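In: here's a sequence, model it:
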Amino acid sequence: MPAPLSPVTSNRASTLALLFFCSLLCACNGAQSPSESLEVATVGLHAGTLDATGTRAVVGSLYQGGSFWQLDSRARKFNWNHNRDEFTTIIHTAFASNSDYALTADASALVLWNTRTGEALRYWSAPGEILDAALGPMGNIALLGLSDHTAVLFDIQRGGILYRLPSDNRVRSVDLSRNGRMAITGSEDATATLWDTSTGKPLRKIKHNDDVQLVRLSPDGNLALSVSKYDKALIWQTRDGKALGELPLNAEHLKRGMMFSAARFSDDNTKLLTGRPDQMVQLWRLPNLVEVERWRLPKRKRWKPGGAAVLDVSFDAQVARFHAIASNGFIHTLASAPTAP
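Out: Below you'll find the predicted structure:
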């Protein structure tokens, strides 16, 4: 009769079995693993944003304040906090389209930073409770989604509100086109609204059946994505509101309101990169909305509860490389699977 397994051997066997099961699960759903990972916070993140090329990141950690990272050298370049000698709980971050400026926001203030020197250029009291933020080109304006049923175009260089963009409920998500001429807002009134930033007037409104939790514009402003909690993820043309289609969603995810937490269009509008709260990153081909590839971001400790919601995604100068920030404190590089010769 064989001897019983010792506790150490038993635990090791259980761990190996779990890891084997996880690898099988990833293989079954076709998800790849990251090719590289960089830890930017020891516990996790409140917020994180990548620049358009995936070479820079600004993050707000749970316990270590804010920081700016140069990803090609895998280096923390600056520590960014709103008060001297004190960690700030940074809950929103954004880059200008040229990446020379970044924004950080806490519960009561927002700061404009120079990413080349690390200098804080402007410090302003927030005009309300900020739920989301985007930064215009050259760091000239900030678009803030607020809990008071408005979004505001804020002059972050001189201070003050340029325009209020009204809604019938809280504004959960905002974005700007690369040239800053168009803005989009997503609200808990179940609408996504396109705005002219030069006049503060609405250009188009798309109605959903539930809270709009994520909106994104393509760099040229020609395409928009609006994601509703229990409804759909819709891609549409900004010039006429015509829908290109909906991203396919698992029925169980839709039932639980598990939608997309991050998204970015490619420069040529032929691809869309999305992230979900359940660690999944997906690459879609446009305009036919076909999923091309997917990756699953790892948990910090596989055998413990806790996930890795995707906070932001970006493309790379290299065609087959992508990047994603996870809420558990890692920035991952994702590589396309090699194609058969």
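In: show me the shaky parts of the stretch 1-150 of the chain.
Out: By pLDDT under 70, the low-scoring segments of the stretch 1-150 of the chain are 1-29.
In: ranges for the strands of it?
Out: With DSSP state E, counting those that start in this stretch as the criterion, the stretch 1-150 of the chain has strands at 36-39, 45-50, 56-61, 66-70, 75-80, 92-95, 101-105, 109-114, 120-125, 130-135, 141-146, 150-155.
In: of these, which is nearest residue 337?
Out: With C-beta to C-beta as the measure, strand 36-39 is the member of the strands of the stretch 1-150 of the chain nearest residue 337 (15.4 Å). (C-beta placed from N, C-alpha, C; glycine too.)
In: how about the closest one: buried residues?
Out: Neighbour-count burial for strand 36-39, counted by 16 or more other C-beta atoms under 10 Å, picks out residue 38.
In: listing partners with orientation, what would you give for it?
Out: Strand 36-39 has the following strand partners under DSSP bridges: strand 330-335 (antiparallel).
In: how close does residue 331 sit to residue 69?
Out: Distance of residue 331 to residue 69, given as C-beta to C-beta, to the nearest Å: 7 Å.
In: tell me which of these two has more neighbours.
Out: The neighbour count for residue 331 versus residue 69, taken as other C-beta atoms under 10 Å, is higher for residue 331 (27 against 22).
In: tell me if I'm right that the more buried one and residue 313 touch.
Out: No. Taking C-beta atoms under 8 Å as the definition, residue 331 is not a contact partner of residue 313, at 10.7 Å.
In: list residues touching both of those two?
Out: 50, 323, 324, 325 (C-beta atoms under 8 Å, 6 or more residues apart in numbering).
In: restricted to strands, list the residues you listed.
Out: If you go by DSSP state E, the shared contacts of residue 331 and residue 313 have 50, 323, 324, 325 in strands.
In: list the residues that contact the third one.
Out: Looking back up the chat, that one is residue 324. Per C-beta under 8 Å, 6+ apart, neighbours of residue 324: 34, 262, 275, 281, 295, 297, 310, 312-314, 331-332, 334.
In: quick one, strands of the stretch 151-300 of the chain?
Out: Taking DSSP E, counting those that start in this stretch as the criterion, the stretch 151-300 of the chain carries its strands at 161-166, 171-176, 182-187, 191-196, 201-207, 212-217, 223-228, 233-237, 243-246, 262-265, 271-275, 280-285, 290-296.
In: can I get those in CSV with mean neighbour count?
Out: Formatted as CSV, the strands of the stretch 151-300 of the chain follow (neighbours: other C-beta atoms under 10 Å):
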stretch, mean neighbour count
strand 161-166, 17
strand 171-176, 25
strand 182-187, 28
strand 191-196, 22
strand 201-207, 15
strand 212-217, 25
strand 223-228, 25
strand 233-237, 20
strand 243-246, 14
strand 262-265, 23
strand 271-275, 24
strand 280-285, 21
strand 290-296, 17
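In: need those strands in TSV (columns: mean pLDDT).
Out: Converted to TSV, these look like this (pLDDT from 0 to 100):
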stretch	mean pLDDT
strand 161-166	98
strand 171-176	98
strand 182-187	98
strand 191-196	98
strand 201-207	97
strand 212-217	97
strand 223-228	97
strand 233-237	97
strand 243-246	94
strand 262-265	98
strand 271-275	97
strand 280-285	97
strand 290-296	96
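In: ok, which of those strands comes nearest residue 319?
Out: Residue 319 lies closest to strand 271-275 among those, at 10.0 Å (C-beta to C-beta).
In: can you give the contact residues for that closest one?
Out: Defining contact as C-beta under 8 Å, 6+ apart, one finds that strand 271-275 is touched by 225, 235, 247, 260-266, 281-286, 292, 309-315, 322, 324.
In: angle of that strand against strand 212-217?
Out: Computed by axes from the mean of the first three to the mean of the last three C-alpha atoms, to 10 degrees, the angle separating strand 271-275 from strand 212-217 equals 150 degrees.
In: what angle sits between strand 271-275 and strand 233-237?
Out: Counting by the same axes, to 10 degrees, strand 271-275 lies at 150 degrees to strand 233-237.
In: got a winner among the ones in strands among the shared contacts of residue 331 and residue 313 for most neighbours?
Out: When neighbours are taken as other C-beta under 10 Å, the top entry among these is residue 325 (32 neighbours).
In: that residue reaches residue 311, doesn't it?
Out: Yes. Residue 325 lies in contact with residue 311 (C-beta under 8 Å); the separation is 4.4 Å.
In: spell out which residues are contacts of both of those two.
Out: 45, 48, 49, 262.
In: list the contacts for the first one?
Out: I take that to be residue 45. 59, 60, 61, 62, 311, 325, 326, 327, 328, 329.
In: closest one of the residues you listed to residue 176?
Out: Checking the contacts of residue 45 against residue 176 with C-beta to C-beta, the nearest one is residue 311 at 18.3 Å.
In: name the residues contacting each of residue 331 and residue 69.
Out: Here residue 331 and residue 69 have 38, 40, 57 as joint contacts, going by C-beta under 8 Å, 6+ apart.
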